[in-house]
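Student: take this sequence and fold it.
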Amino acid sequence: MIAREWKCLCPQDTAEGFLGHLRATGVDEAKVLPGYLGHQIMTRKTDAGTVEFTLLTWWESMAHARTFAGAATDEEAGRAVLYPGDERYRIVPDKHVLHYEVLETVLK
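Tutor: Numbering: from 1, shown residues only. Below you'll find the predicted structure:
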């Protein structure tokens, strides 16, 4: 299993709206693709008065993660997928994502 991690910073006054936008774009696009296993959205307030968003999506394989990214290679898959409308929320997006091979997951 592959975990794909993307982050951005968002002003506090647009964070609630951005959460809905994130769900309606990246999450909804991922959900319908073969190999999609799930996602997790996490936030934390920063000392700078912004909200950091982290989106983790889980994929059956790196090939499936590449499909989501529209990438032919693993290197190309490291580019973030950004959406029209992101600018409305004044986010500062990471332009690159990280991929991890998931060795173990335990939730209780």
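Student: for the lowest-mean-pLDDT helix or strand in the chain, packing partners?
Tutor: Ranked by mean pLDDT, DSSP states H and E, the weakest helix or strand in the chain is helix 74-77, scoring a mean of 91. With contacts defined as 3 or more Cβ pairs under 8 Å, 6 or more residues apart in numbering; DSSP states H and E, the packing partners of helix 74-77 are helix 62-69. Where you see a C-beta, it was placed from the backbone N, CA and C, and this is true even at glycine.
Student: packing partners for the helix it packs on?
Tutor: strand 2-11, strand 50-59, helix 74-77.
Student: compare the mean pLDDT across these and name the weakest.
Tutor: The stretch with the lowest mean pLDDT among the helices and strands packed on helix 62-69 is helix 74-77, at a mean of 91.
Student: endpoint to endpoint, stretch 44-64 covers what distance?
Tutor: 28 Å (Cα to Cα, to the nearest Å).
Student: can you list contacts of it?
Tutor: 1-12, 15, 18-19, 22, 26-27, 30, 33-43, 65, 68, 74, 77, 91-92, 99, 102 (Cβ atoms under 8 Å, 6 or more residues apart in numbering).
Student: can we see that at 7 Å?
Tutor: 1-12, 15, 18, 22, 26, 30, 33-43, 65, 74, 99 (Cβ atoms under 7 Å, 6 or more residues apart in numbering).
Student: that older thread, ok, then the element right after the least confident helix or strand of the chain?
Tutor: Heading C-terminal from helix 74-77, the first helix or strand you meet, by DSSP states H and E, is strand 92-93.
Student: once you drop chain neighbours, what's closest to Arg66?
Tutor: Nearest residue to Arg66 in three dimensions, chain neighbours excluded: Ala77, at 4.5 Å (Cβ to Cβ, 6 or more residues apart in numbering).
Student: pass me the low-pLDDT residue ranges in this structure, would you?
Tutor: Judged against pLDDT under 70, the chain has no low-scoring part.
Student: hmm, back to that, quick one, what contacts the residue nearest to Arg66?
Tutor: By Cβ under 7 Å, 6+ apart, Ala77 lies in contact with Ala65, Arg66, Ala69, Ala71, His99.
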